[in-house]
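**Q** Please work out how this folds:
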Amino acid sequence: MKINPYHFSPNKLEKTFLFTLLWIFCLPVSAHKSRIDWGAFLYKHDLVFQNLSTQWHEGAFTGNGLLGTMLYLKDYNTLRLDVGRTDVYDQGSETINKLFSKARLPIGHFTITPSGKIQEKKLA
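**A** Predicted coordinates for the structure are as follows:
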């Protein structure tokens, strides 16, 4: 059987056409200069915590969907930063609820103890 190298399946042709259209229409948009002052815009949306909790579930949570952190007070003068990943989890039994049998596990933590006393517990 002879194979024609110039034969395109409709699926491949459709993908090529859509990619070309996307490239043509996105090219002028990418050359456009943004007039937004991103520093000023993002400043309005900063997370500000008036008090930092001593409970891990009330602390400051940050992350990007794969790696996450929790910041809270371990005691009156020690900050604790827990680090976790969404793909690190327990290989527990399938017989109980998945909330507990496949729970995500922390991968580490840092404790920060300043040489002086923490005067104010405000995160900005």
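
**Q** separation between Arg35 and Leu67?
**A** 33 Å (C-beta to C-beta, to the nearest Å). C-beta here means a position set from N, CA and C on the backbone, and glycine is covered the same way.

**Q** ok now do the nearest residue to Gly59 once chain neighbours are set aside, which residues does it touch?
**A** Spatial nearest neighbour of Gly59, excluding adjacent residues (C-beta to C-beta, 6 or more residues apart in numbering): Tyr72 at 3.1 Å. By C-beta atoms under 8 Å, 6 or more residues apart in numbering, the contact set of Tyr72 is Leu52, Ser53, Thr54, Gln55, Trp56, Glu58, Gly59, Ala60, Leu79, Arg80.

**Q** and if we set it to 7 Å?
**A** By C-beta atoms under 7 Å, 6 or more residues apart in numbering, Tyr72 lies in contact with Leu52, Ser53, Thr54, Gln55, Trp56, Glu58, Gly59, Arg80.

**Q** neighbour-wise, which of those leads?
**A** Gly59 (21 neighbours; other C-beta atoms under 10 Å).

**Q** what ranges of the chain fall below the confidence cut-off?
**A** For the chain, applying pLDDT under 70 flags the ranges 1-13, 21, 26-34, 92-103, 120-124.

**Q** what about the strands in the chain?
**A** All strands of the chain, identified by DSSP state E, fall at 60-63, 67-75, 78-89, 104-112.

**Q** For Thr16, find the nearest of those strands.
**A** Closest to Thr16 of the strands of the chain, according to C-beta to C-beta: strand 78-89, at 34.5 Å.

**Q** ok, back up a step: out of the contacts of Tyr72, which is nearest to Leu18?
**A** Among the contacts of Tyr72, and counting by C-beta to C-beta, the member closest to Leu18 is Gly59, at 45.3 Å.

**Q** of all the contacts of Tyr72, which two lie farthest apart?
**A** Glu58 and Arg80 (12.7 Å).

**Q** Kindly state the beta-bridge partners for Gly108.
**A** Val83 (DSSP bridges).

**Q** okay but it is in contact with Gly84, surely?
**A** No: when contacts are counted by C-beta atoms under 7 Å, Gly108 is not listed as touching Gly84 (8.5 Å).
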